[in-house]
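1. can't give you the sequence, but here's the structure:
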C-alpha cells in the first residue's frame, strides 16, 4: 500500500498548492508507515519533479502525453485511477482546486473511495478511525469528518498546510502511461485562455491579497490597490458589489458566493465587512482593515486596522513597503 | 431537450452559523432557508436555454425532507416545469449523487445542471460523482453554457484562466457566475407554481461514505489593533516585525 499525491504543474513548475499537497501526503504516509508516490499532471520538467523529494516524495510518475498538458477531466481521472491501482494507494491526496475537486469527485466513485474536500489539517487516526478537519458553511465553521472504507481521497485547501523543504532530497521520476484513448479526451479544451495577471500573482495561489470595496469609489482608482499589491507581491481582489457593477472581473470576487481565500495577509480597503464577505476571507492568517467608518463591522474580524480615508492611507502604505527593501 | 436542475436547500447567506449543544448538527432554529445561490445560475440558465429552443422541459430535483418544499415551489415559480423531491436527509455528497444519478437515468435527461457547490456543505463533489455514476462527461465549474443542437459549448474555470470545452449531450455541468443573471419569481410564476407537479420518491442505493463527527466555529479574533491614519506607515513595520507576514 502507499499514499498517492496528485501534483498539478503549469509551465514546467509545480504549483505552490501542490507543494503543500505533496507535503501533506508524505506526512500521511509517515503516519501510516508507508511511502508517498506522486502522479504529476500538466506541463512539468523532470528536474522540477525530482525536487518533490524536498516535500518527502519518494517517486514521481509522469505521463509525457502532450494532450495532458491542459486539464481534461476524463483523461486525468483515468490516469490517476491507473496510478492508484498500480501503487495500491489507500489514500489519495490532491489540491482543493478546480482541477482537484473535478477529478477527485469522479475518482471517488471509480475507486469506491470516501472523499473529503476543503481539508485544513492532517488526519487523526486514533482507534482505527480516520478523521479530517474541513471547512464548512463557506468559511463560517469547521467540521471533523470521519471517512469510511478502505480507500480515502483528501482534497487539501490551499495555504492551510506548511510545505516541507528538506534541502537536497530528490525523488525518482518514472515515466507512466495509462493507455489513454481518444474517448478519454471527450472534454478536452478547444482553447485555453489565461487571464492577464497584474504582477503575475494568481488570486487562488496568493499568500498576500489586497482587496477593494465600494469605498474605492470607482474602477479608475484601482491603481492605488494595484500599487500596494505590486509593492507587496500580492494578488488583487474585490468585494461582491464591486464585481456586480463590473468595476472588476468576477474572478476577483472574494466571498461566500465568490472564491474563498486563506492567505497569510489580507488587506481590505473600503470594504465594510458584510457577513458574506467575511465568510470568504476569515481563514486568512492576518487581516488588515482600512475604512473611514470606525463602525464598519470588518474591524471586529481584523487583526490590524486603520480608521481613515483609503485615498490618503494607501499611498502611505505603498511608500512604507518600498522603504522596507 | 430535457433539463434536470438539482437544487440544494441552504441557510440564507446572512445566517450566523450556530450548532446544537452536542455540536453534531447545524442549529436550524430561526434560520431562513433559500435555494443555494450557485444553483440559481443552473436553474435560470436551463430556463433560458429551454426558451431559446422553443420547447423542452426543465425538471427541478431536490434531495431533502418535506421542509424543503417551499424552495422547490420557488424554483417552479421561477420557471421550472415540474419537480421531484427524493424524500431523505442529504447525508453526504455520495448519497445525494446516487439519488440524482438514479433519477437522471430513468428520466432520460439530456443536460444535468447544478451549482458549483452548496454554501453549507461546500463539498464541490456531487457533479463529478453524478457524471461518473452515469458514465458521462462533467464540466465543472462552468462559467458559460451555450447549446447548439446536441452540442454544448462551455467555459470551464481553471486557476488563472478558462478552458473552452465542447461536449455532446448527455452531460453534467456545475454552474457559477457570470453564467446568467439569476431570475426571481414574478406574481404569475408564483400563482402557476402552486399547481405544477411535484413528485415525491423514496431514496435508493447505498448509504453515506462520510459522517460529520462534530462541528466547530473558527477561533475568535483577539481584537483589532488600531494604527492612527497619520502614521499609516507604522502598520507595515508591524506586519513585518510583529505579525511576520511580509
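-> That came in fine, so what should we check first? Just so you know, these numbers come straight off a predicted model, no measurement behind them.

2. separation between residue A:172 and residue B:27?
-> 51 Å (CB to CB, to the nearest Å). Quick note: C-beta positions are derived from backbone N, CA and C, even for glycine.

3. more neighbours, those two?
-> Each of residue A:172 and residue B:27 has its neighbours counted (other CB atoms under 10 Å in any protein chain shown); residue B:27 has more, 16 against 13.

4. where does that one land on pLDDT?
-> Per-residue confidence at residue B:27 stands at 96 (pLDDT).

5. Find the residue closest to it in space, skipping its chain neighbours.
-> Leaving aside its sequence neighbours, residue B:27 sits nearest to residue B:18 (CB to CB, 6 or more residues apart in numbering or on different chains; 4.5 Å).

6. The one you found: what's it in contact with?
-> Counting by CB atoms under 8 Å, 6 or more residues apart in numbering or on different chains, residue B:18 makes contact with B:26, B:27, B:217.

7. Next, count neighbours for the closest residue to the first one other than its chain neighbours.
-> By that I understand residue B:26. Spatial nearest neighbour of residue B:26, chain neighbours left out: residue B:19 (6.1 Å); criterion: CB to CB, 6+ apart. Counted by other CB under 10 Å, the residues lying close to residue B:19 total 17.

8. these two touch, right, residue B:19 and residue B:28?
-> No: counting by CB atoms under 8 Å, residue B:19 does not reach residue B:28; the two are 10.3 Å apart.

9. what touches both of the two?
-> With the criterion set as CB under 8 Å, 6+ apart, the contacts of residue B:19 and residue B:28 do not overlap.

10. Name the residues linked to residue B:138 by a beta bridge.
-> For residue B:138, the beta-bridge partners under DSSP bridges are residue B:172.

11. What about residue 115, how many residues nearby?
-> No chain in the question, so chain A it is. When neighbours are defined as other CB under 10 Å, residue A:115 has 29 of them.

12. Please refer instead to chain B.
-> Using other CB under 10 Å, residue B:115 is surrounded by 28 other residues.

13. Same check on residue B:139?
-> For residue B:139, the count of nearby residues is 24 (other CB under 10 Å).

14. Equivalent analysis for residue B:102, please.
-> That count, for residue B:102 with other CB under 10 Å as the rule, works out to 18.

15. ditto for residue A:298
-> For residue A:298, using other CB under 10 Å, the count is 24.

16. Can you tell me the SS state at it?
-> helix (DSSP: H, G, I helix; E, B strand; the rest coil).

17. could you list every residue that touches residue A:294?
-> residue A:307.

18. got it, and residue A:203?
-> Residue A:203 makes contacts with A:209, A:235, A:236, A:237, A:251, A:252, A:254, A:259, A:261, as judged by CB under 8 Å, 6+ apart.

19. Give the buried residues for the longest helix along chain B.
-> Counting residues, the longest helix found in chain B (DSSP state H) is helix B:37-53. Residues B:37-50 are the ones in helix B:37-53 that count as buried (16 or more other CB atoms under 10 Å in any protein chain shown).

20. Most neighbours out of the contacts of residue A:203, which is it?
-> Among the contacts of residue A:203, residue A:237 has the most neighbours (other CB under 10 Å), with 32 neighbours.

21. out of the contacts of residue A:203, which are inside strands?
-> Among those, the residues falling in strands (DSSP state E) are A:209, A:235, A:236, A:237.

22. Show the pLDDT at the residue lying closest to the second one once chain neighbours are set aside.
-> In other words, residue A:235. Nearest non-adjacent residue to residue A:235, counting by CB to CB, 6+ apart: residue A:206, 3.6 Å away. Per-residue pLDDT puts residue A:206 at 88.

23. now do residue B:231
-> pLDDT for residue B:231: 93.

24. measure it to chain A for me?
-> Taking CB to the nearest CB, to the nearest Å as the measure, residue B:231 falls 9 Å from chain A.

25. on that earlier part again, check contacts around the residue nearest to residue B:26.
-> Listed by CB under 8 Å, 6+ apart, the contact partners of residue B:19 are A:141, B:25, B:26, B:27, B:215, B:217.

26. Drop anything exposed from these.
-> By neighbour count, with 16+ other CB under 10 Å, those hold A:141, B:26, B:27, B:215 as buried.

27. before we move on, back to that, list the contacts of the residue nearest to residue A:235.
-> A:234, A:235, A:261, A:263.

28. Turn those into TSV, including pLDDT.
-> Listed next are these as TSV, based on pLDDT from 0 to 100:
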residue	pLDDT
A:234	95
A:235	94
A:261	90
A:263	94
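
29. Which pair of the residues you listed spans the longest distance?
-> Set against one another by CB to CB, those have their most distant pair in A:234 and A:261, with a gap of 11.1 Å.

30. shared neighbours of the two, which are they?
-> Residues touching both residue A:234 and residue A:261 by CB under 8 Å, 6+ apart: A:206, A:209.

31. All the helices of the stretch 151-300 of chain A, in order from the start?
-> All helices of the stretch 151-300 of chain A, identified by DSSP state H, counting those that start in this stretch, fall at A:223-232, A:240-244, A:275-281.

32. what's the burial count for the closest residue to chain B within the stretch 51-200 of chain A?
-> Nearest residue of the stretch 51-200 of chain A to chain B: residue A:105, at 2.7 Å (CB to the nearest CB). If you count neighbours by other CB under 10 Å, residue A:105 ends up with 31.

33. Is it correct that residue A:140 is in contact with residue A:279?
-> Yes: contact criterion CB under 8 Å: residue A:140 and residue A:279 qualify, at 5.1 Å.

34. nearest spatial neighbour of the residue of the stretch 51-200 of chain A closest to chain B, skipping sequence neighbours?
-> residue B:128 (2.7 Å).

35. swap in residue B:28?
-> Once flanking residues are discounted, residue B:28 sits nearest to residue B:11: 8.0 Å by CB to CB, 6+ apart.

36. So in terms of bridging, what pairs with the one you found?
-> Going by DSSP bridges, residue B:11 forms beta bridges with residue B:33.

37. related to what we said a few turns ago, figure out which of the helices of the stretch 151-300 of chain A is closest to chain B.
-> Closest approach to chain B among these (CB to the nearest CB): helix A:275-281, 4.8 Å.

38. List the buried residues of the closest one.
-> Buried-residue list, helix A:275-281, by 16+ other CB under 10 Å: A:275, A:276, A:277, A:278, A:279, A:280, A:281.

39. can you check stretch B:217-229 too?
-> Buried residues in stretch B:217-229 (16+ other CB under 10 Å): B:224, B:227, B:229.

40. Equivalent analysis for stretch B:168-188, please.
-> By 16+ other CB under 10 Å, the buried positions in stretch B:168-188 come out as B:169-180, B:182-183, B:185.

41. For chain B, which segments count as helices?
-> Applying DSSP H to chain B gives helices spanning B:37-53, B:69-78, B:93-107, B:126-134, B:187-193, B:233-241.

42. which residues does the residue most central in space within chain B contact?
-> By CA atoms, centre = their mean, chain B has its centre lying nearest to residue B:115, at 3.3 Å. Contacts for residue B:115 (CB under 8 Å, 6+ apart) come out as B:7, B:8, B:36, B:37, B:38, B:39, B:40, B:41, B:42, B:174, B:175, B:176.

43. now swap in residue A:62 and tell me
-> A:39, A:40, A:44, A:46, A:49, A:173, A:174, A:175, A:176.

44. Can you give me the separation between the nearest residue to the first one once chain neighbours are set aside and residue A:119?
-> If the residues on either side of it in the chain are set aside, residue A:39 comes closest to residue A:83, at 4.2 Å by CB to CB, 6+ apart. For residue A:83, the distance to residue A:119 under the criterion CB to CB works out to 20 Å.

45. tell me the pLDDT at the closest residue to residue B:239 other than its chain neighbours?
-> Nearest residue to residue B:239, sequence neighbours excluded (CB to CB, 6+ apart): residue B:246, at 4.9 Å. Residue B:246 is assigned 92 on the pLDDT scale.

46. for residue B:246, what are its contacts?
-> A:208, A:232, A:265, A:321, A:324, B:236, B:239, B:240.

47. Show me what the longest strand along chain A is packed up against.
-> If you go by DSSP E, chain A has its longest strand at strand A:2-14. Where contact means 3 or more CB pairs under 8 Å, 6 or more residues apart in numbering or on different chains; DSSP states H and E, strand A:2-14 is packed against helix A:16-32, strand A:36-44, helix A:46-50, helix A:73-86, strand A:89-95, helix A:98-110.
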